[in-house]
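Participant: predicted model follows, preceded by the sequence.
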Amino acid sequence: MKSTPMGRWLPAFLLLALIWGNSFFFIKVAVGALHPLQISFGRMAIGAATLLAALAVSRKALPRDPRLWGHFQVASVVLTTLPFTLFAYGEQYVSSVVAAIWNATTPLCTLAFTLLLRTEKPNAGRVAGLGLGFAGVMVVLGVWQPMDGGQLGGSLACFGAALCYGIGGSYLGRFVTGRRTEAPVVLATGQLMSGTLQLAVITALAGVPLVDLSAPPAVWWSMLGLGGLGTGVAYLLLYGVQARAGVTTTSTVTYLLPVFAVVSGVLVLGEGLTWNQPVGAVVILLAIAMTQGMVRLGRTPAAVAPRTEPEPEPELELEPTIPSRT
């Protein structure tokens, strides 16, 4: 994939981190009154409606390629249907901050599947950065502290959601976002419509009402935020960033989510904050810089050698050392 200047995707990347970081806050508010499947279906339906409105404003049509709709169905299983439900289930037992921290392991899962599917070819800096990011997540989580059964089950559910995101991101990169014939809003709308249909069927088969009209107003406001922003606008941003920056780079947005989740979780929900969480967040930010090539470990001999040896055609020696961003 061709290199794209960071300035073209970084603002959307940061906005995506802000929106998704606060999605865990919205889930925590809603899970007190709604079933996990109701939360998943509700956010998908609201998100799909939001993007359908954006599609109408932009005067674009839904895709007609039946193969693309098939890819939407597959991607929706691992990118929305399963992870949305698992996070809603997990936050019944863990805080919104812990859920966001588990979500930050997504780039590690994404890297594994991009290697398997050969979507991208990660370099040494990315691998080192992802490894450091995982260490930072473990510090924020406080893995040395014991967890009871409910916390363990909730954490495993959230980690399972992160695994799904890793598979889904890789699948999108190979079969969907690489397409140049449809705009990001068209692709995002198609996927959310597919996911809404899936969750409507699953929720009904599970015997759970699609809508609970007895939920308090605060829950409905949270669902509007979760669906309109955290699903609708966020997936439009996701498709745009991934088309420009690539799968692995886009997946690192999850490293920033705990930072925003800590702010809303601690200041609004009154969740606890321990010393290891901000320390781990600093490690995570350093890892992001490494994956973007802004921080490098050691020297790159290939880049130095051409400058120290007087070759007759130095420009030919410099070409292989130009870093490529995907």
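Facilitator: Yep, that arrived.
Participant: so Leu273, which state does it fall into?
Facilitator: What DSSP: H, G, I helix; E, B strand; the rest coil gives for Leu273 is coil.
Participant: could you count how many residues lie near the closest residue to it other than its chain neighbours?
Facilitator: Excluding the flanking residues, the one nearest Leu273 by Cβ to Cβ, 6 or more residues apart in numbering is Val266, at 4.9 Å. To be clear about C-beta, it is placed using only N, CA and C from the backbone, and glycine gets the same treatment. Val266 has 16 neighbours, counted by other Cβ atoms under 10 Å.
Participant: what sits against Val266?
Facilitator: For Val266, the contact set (Cβ atoms under 8 Å, 6 or more residues apart in numbering) comprises Val97, Gly272, Leu273.
Participant: pLDDT on the one helix or strand it maps to, on average?
Facilitator: Assigned by DSSP states H and E, Val266 belongs to helix 257-267. Here helix 257-267 scores 86 as its mean pLDDT.
Participant: ok, stretch 226-235 next?
Facilitator: Mean predicted confidence for stretch 226-235 is 91.
Participant: so that it lines up with my notes, have the first residue be 6 from now on.
Facilitator: Yep, numbering from 6; the last one is stretch 231-240 now.
Participant: pull the CA atoms of it into CSV?
Facilitator: Presented in CSV, the C-alpha positions along stretch 231-240 are these (Å, rounded to 0.1, in the frame of the first residue of the first chain):
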residue,chain,number,x,y,z
LEU,A,231,-23.0,4.7,21.9
GLY,A,232,-24.9,4.2,18.7
GLY,A,233,-24.7,7.6,17.0
LEU,A,234,-21.1,8.4,17.9
GLY,A,235,-19.4,5.2,19.1
THR,A,236,-20.8,3.1,16.2
GLY,A,237,-22.0,5.3,13.4
VAL,A,238,-19.5,8.2,13.3
ALA,A,239,-16.7,5.9,14.7
TYR,A,240,-17.0,3.3,11.9
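Participant: and the contacts of it?
Facilitator: By Cβ under 8 Å, 6+ apart, stretch 231-240 touches 21, 24-25, 27-28, 31-32, 35, 44, 47-56, 59, 85, 193, 196-197.
Participant: what about the strands in this structure?
Facilitator: For the chain, strands defined by DSSP state E do not occur.
Participant: so where's the longest helix in this protein?
Facilitator: Using DSSP state H, we find that the single longest helix of the chain is helix 154-180.
Participant: for it, packing partners?
Facilitator: On a contact count with 3 or more Cβ pairs under 8 Å, 6 or more residues apart in numbering; DSSP states H and E, helix 154-180 meets helix 71-81, helix 87-95, helix 101-108, helix 111-122, helix 239-250, helix 252-256.
Participant: just to revisit the earlier point, buried residues in the helix holding Val271, which are they?
Facilitator: By neighbour count on 16 or more other Cβ atoms under 10 Å, the buried set for helix 262-272 is Leu262, Pro263, Val264, Phe265, Ala266, Val267, Val268, Ser269, Gly270, Val271.
Participant: likewise stretch 61-68?
Facilitator: Pro68.
Participant: stretch 36-56 too?
Facilitator: Under 16+ other Cβ under 10 Å, the buried positions of stretch 36-56 are 36, 38-56.
Participant: only the C-alpha atoms, please, for that stretch, written as PDB.
Facilitator: Below are the C-alpha coordinates for stretch 36-56, written out as PDB (Å, rounded to 0.1, in the frame of the first residue of the first chain):
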ATOM      1  CA  VAL A  36     -25.500  -2.300  31.100                       C
ATOM      2  CA  GLY A  37     -27.100  -1.500  34.500                       C
ATOM      3  CA  ALA A  38     -30.600  -1.700  32.900                       C
ATOM      4  CA  LEU A  39     -30.300  -3.500  29.500                       C
ATOM      5  CA  HIS A  40     -29.300  -7.000  28.500                       C
ATOM      6  CA  PRO A  41     -25.900  -7.200  26.600                       C
ATOM      7  CA  LEU A  42     -27.700  -8.300  23.400                       C
ATOM      8  CA  GLN A  43     -30.100  -5.300  23.700                       C
ATOM      9  CA  ILE A  44     -27.000  -3.000  24.000                       C
ATOM     10  CA  SER A  45     -25.400  -4.600  21.000                       C
ATOM     11  CA  PHE A  46     -28.500  -4.400  18.800                       C
ATOM     12  CA  GLY A  47     -29.400  -0.900  19.900                       C
ATOM     13  CA  ARG A  48     -26.000   0.600  19.200                       C
ATOM     14  CA  MET A  49     -25.900  -1.200  15.800                       C
ATOM     15  CA  ALA A  50     -29.400   0.000  14.800                       C
ATOM     16  CA  ILE A  51     -28.700   3.600  15.900                       C
ATOM     17  CA  GLY A  52     -25.300   3.500  14.200                       C
ATOM     18  CA  ALA A  53     -26.800   2.200  10.900                       C
ATOM     19  CA  ALA A  54     -29.500   4.800  11.000                       C
ATOM     20  CA  THR A  55     -26.800   7.500  11.500                       C
ATOM     21  CA  LEU A  56     -24.800   6.400   8.500                       C
END
